[in-house]
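S.K.: Please work out how this folds:
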Amino acid sequence: MIEPELNARAVGASKSTRMRPLLITCLSIVVAGLLFVGGLGIGFAAGKWSDAPPVATGQDEGAAAPLRARFPLFWEAIDILYRDFYGELPASDEATYAAIRGVLSQVEDPNTSFMSPDEAEFFRTNLQGSFEGIGARVDWDMNFDTVRIVEPFENQPAWEAGIRRDDLITHIDGEEIIGTDLTSAIEKIRGPKGTSVVLTIVRLTEEQPFDVEVVRDRIEIPTIETETVGGDIAYVKLNTFNENAGQLVRNAVTAALEQQPSALIFDLRGNPGGLLRQAVEVASVFLPKGEKVLIERFADGKQDVYVTEEDPVMGDLPIVVLVNEGSASASEIVAGAIQDRKRGQLVGATTYGKGSVQLPQTLSDGSILRVTIARWFTPDDRTIDGAGLAPDVAVELTDEDRQAQRDPQLTKAIELLGGDPELPPVQ
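M.R.: Next comes the predicted model:
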């Protein structure tokens with residue numbers, strides 16, 4: 001899954017042939033998703049995963065060559081510290097990793113990050129199997145410098161234990177995690193089915209922090225769900241852009257059309273993204289062949305333009321796309337393309353805002369450096385990174401709605417498409 005073939009065509013002003021598979025899922029959401037969901041992907045250009053070591057220290061070549069003239073000052077300070085400090089000093093590898101992270105903190109890009117060899121092994125292992133955890137997606141809150149709950153999955157352990165969206169986790173089993181990093185926090189939270197973890201929660205509506213014990217479980221979330229709602233409106237929900245997403249959506253929509261629905265609702269709420277080529281394939285279900293899906297720009301000013309390559313199956317059938325704060329990356333690519341091309345309305349809440357691509361480099365000791373190498377834009381050249389997509393019709397979904405099993409966002413979508421929201425769904 002890490003290195004699938006990229007099928008989407010890239011045509012750009014640069015005439016570039018950068019045909020590499022991209023895994024563009026939001027890291028901050030989905031590294032946690034790997035832990036909690038057994039899911040997919042970590043926001044990077046998977047096809048360019050590199051095991052080649054960087055230019056060795058001391059060589060007068062490479063992009064960082066101008067910095068090397070200043071490094072004697074670094075070693076001067078470190079020598080004094082290790083010679084004179086009265087107390088315990090970090091091991092050499094820990095000091096090296098801390099120095100790297102210190103530089104990365106200056107670029108102010110949470111998606112450009114470093115993983116120690118142990119963290120990197122955890123990262124690789126999570127890409128290869130299914131997982132057990134608490135059933136929530138998280139990110140790193142830059143303001144509070146700790147883990148934030150992005151999306152607790154309904155009827156999963158975190159939700160059942162009372163954890164809610166935007167809760168902040170400050171301690172894990174009594175150990176403070178403020179000021180650490182997302183990957184190490186995830187390692188502490190994850191664990192086998194049946195074991196417990198105690199999370200200290202700060203909720204902005206509560207005066208005091210409180211502890212929540214969560215019993216871990218195996219989290220099973222299907223890639224796609226379908227039913228009929230509002231009488232005769234087809235409903236298709238995509239939970240992740242894995243390597244089969246495009247074909248699954250095409251098959252689901254094709255099957256739904258056999259029932260001659262009056263309209264279709266495409267639900268991308270809580271979908272953290274996945275493979276770029278799958279985003280293009282999913283967009284191809286709804287948009288005409290040859291339609292622009294996204295623009296990808298690199299640091300050197302070059303760009304690639306991705307277009308649909310297959311004929312759509314939707315025809316002129318009305319569409320509403322449901323989105324929320326958990327819709328990220330590939331979800332935003334598809335939603336943005338549909339919105340820009342005025343193919344359908346977006347209903348729900350402003351999306352996450354993940355519009356960048358990371359390339360992981362494996363360093364000489366097995367650690368990984370992930371660097372943002374490109375940013376993507378909608379067909380109308382709108383940037384999503386840090387801003388997200390604003391829905392055409394904003395509808396809030398509160399915790400009270402969830403607990404009462406109400407879905408005002410879906411209700412509004414049904415109403416906009418002329419259906420009856422009071423009618424029960426049909427599988």
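S.K.: CA only for contacts and neighbour counts going forward, please
M.R.: OK.
S.K.: Residue 97 and residue 62: what is the separation?
M.R.: Going from residue 97 to residue 62 by Cα to Cα, to the nearest Å gives 20 Å.
S.K.: higher neighbour count, those two?
M.R.: Using other Cα atoms under 10 Å, the more surrounded residue of residue 97 and residue 62 is residue 97, with 14 against 10.
S.K.: pretty sure the more buried one is touching residue 113, no?
M.R.: No - with contact defined as Cα atoms under 8 Å, residue 97 does not reach residue 113; the gap is 11.0 Å.
S.K.: measure stretch 185-204 end to end?
M.R.: 21 Å.
S.K.: How far does that stretch sit from its chain's centre?
M.R.: 20 Å (Cα atoms, centre = their mean, to the nearest Å).
S.K.: can you list contacts of it?
M.R.: 32, 35-36, 122, 132-134, 147, 166-174, 177, 208-218 (Cα atoms under 8 Å, 6 or more residues apart in numbering).
S.K.: what bridges to residue 136?
M.R.: residue 152 (DSSP bridges).
S.K.: Thought residue 154 was touching it, still the case?
M.R.: No - counting by Cα under 8 Å, no contact exists between residue 136 and residue 154, whose distance comes to 9.0 Å.
S.K.: quick one, which of the two is more surrounded?
M.R.: Legend: neighbour count by other Cα under 10 Å for residue 136 and residue 154, higher for residue 136 (26 against 14).
S.K.: just for the stretch 301-427 of the chain, where's the confidence low?
M.R.: Along the stretch 301-427 of the chain, the model assigns pLDDT under 70 to residues 427.
S.K.: how about the strands of it, start to end?
M.R.: For the stretch 301-427 of the chain, the strands defined by DSSP state E, counting those that start in this stretch cover 303-307, 319-323, 345-348, 356-362, 368-377, 393-394.
S.K.: can you list those strands in JSON lines and add distance to residue 184 and mean neighbour count?
M.R.: As requested, those are exported to JSON lines (distance: least, Cα to Cα, whole Å; neighbours: other Cα atoms under 10 Å):
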{"stretch": "strand 303-307", "distance to residue 184": "35", "mean neighbour count": "23"}
{"stretch": "strand 319-323", "distance to residue 184": "30", "mean neighbour count": "26"}
{"stretch": "strand 345-348", "distance to residue 184": "33", "mean neighbour count": "24"}
{"stretch": "strand 356-362", "distance to residue 184": "18", "mean neighbour count": "25"}
{"stretch": "strand 368-377", "distance to residue 184": "14", "mean neighbour count": "21"}
{"stretch": "strand 393-394", "distance to residue 184": "36", "mean neighbour count": "16"}
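S.K.: For residue 268, which of the ones you listed is the nearest?
M.R.: Of all those, strand 319-323 sits nearest to residue 268, with 5.4 Å by Cα to Cα.
S.K.: nearest residue to residue 113 other than its sequence neighbours?
M.R.: residue 370 (5.2 Å; Cα to Cα, 6 or more residues apart in numbering).
S.K.: cool, residue 250 as well?
M.R.: Per Cα to Cα, 6+ apart, closest to residue 250 is residue 285, 5.9 Å.
S.K.: if I pick that neighbour, what's in contact with it?
M.R.: Residue 285 touches 246, 249-250, 310-314, counting by Cα under 8 Å, 6+ apart.
S.K.: If we use 10 Å, what do you get?
M.R.: Residues near residue 285 by Cα atoms under 10 Å, 6 or more residues apart in numbering: 246-247, 249-251, 253-254, 308-315.
S.K.: Where does it sit: helix, strand or coil?
M.R.: Three-state call for residue 285 (DSSP: H, G, I helix; E, B strand; the rest coil): helix.
S.K.: Would you mind measuring from it to residue 261?
M.R.: On the measure of Cα to Cα, residue 285 and residue 261 end up 16 Å apart.
S.K.: So which of the contacts of residue 285 belong to helices?
M.R.: 246-247, 249-251, 253-254 (DSSP state H).
S.K.: among these, who's most crowded?
M.R.: residue 249 (24 neighbours).
S.K.: Thought residue 237 was touching that one, still the case?
M.R.: Yes - contact criterion Cα atoms under 10 Å: residue 249 and residue 237 qualify, at 8.8 Å.
S.K.: intersection of neighbour lists for the two?
M.R.: Common neighbours of residue 249 and residue 237 (Cα under 10 Å, 6+ apart) are 223-226, 266.
S.K.: Show me the shaky parts of the stretch 1-150 of the chain.
M.R.: Applying pLDDT under 70 to the stretch 1-150 of the chain picks out residues 1-61, 122-131.
S.K.: what ranges do the strands span in it?
M.R.: Under the criterion DSSP E, counting those that start in this stretch, the stretch 1-150 of the chain carries strands at the ranges 9-10, 113-115, 132-133, 136-141, 146-152.
S.K.: Which neighbouring elements make contact with the second one?
M.R.: Applying 3 or more Cα pairs under 10 Å, 6 or more residues apart in numbering; DSSP states H and E, we find strand 113-115 packed against helix 92-104, helix 117-126, helix 182-189, strand 356-362, strand 368-377.
S.K.: Export the ones you listed as TSV, with columns for distance to residue 397.
M.R.: Supplementary listing: the helices and strands packed on strand 113-115 in TSV, determined by distance: least, Cα to Cα, whole Å:
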stretch	distance to residue 397
helix 92-104	36
helix 117-126	31
helix 182-189	27
strand 356-362	27
strand 368-377	27
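S.K.: Of all the ones you listed, which one is nearest residue 346?
M.R.: Here strand 368-377 is closest among these (Cα to Cα), at 17.2 Å.
S.K.: And stretch 294-314, how far out from the chain middle?
M.R.: Mean-position distance between stretch 294-314 and its chain equals 19 Å (Cα atoms, centre = their mean).
S.K.: That one: which residues count as buried?
M.R.: Buried residues in stretch 294-314, defined by neighbour count with 16 or more other Cα atoms under 10 Å: 294-297, 303-310, 312-314.
S.K.: Excluding chain neighbours, what is closest to residue 417?
M.R.: With sequence-adjacent residues excluded and distances taken as Cα to Cα, 6+ apart, residue 417 is closest to residue 263, at 6.5 Å.
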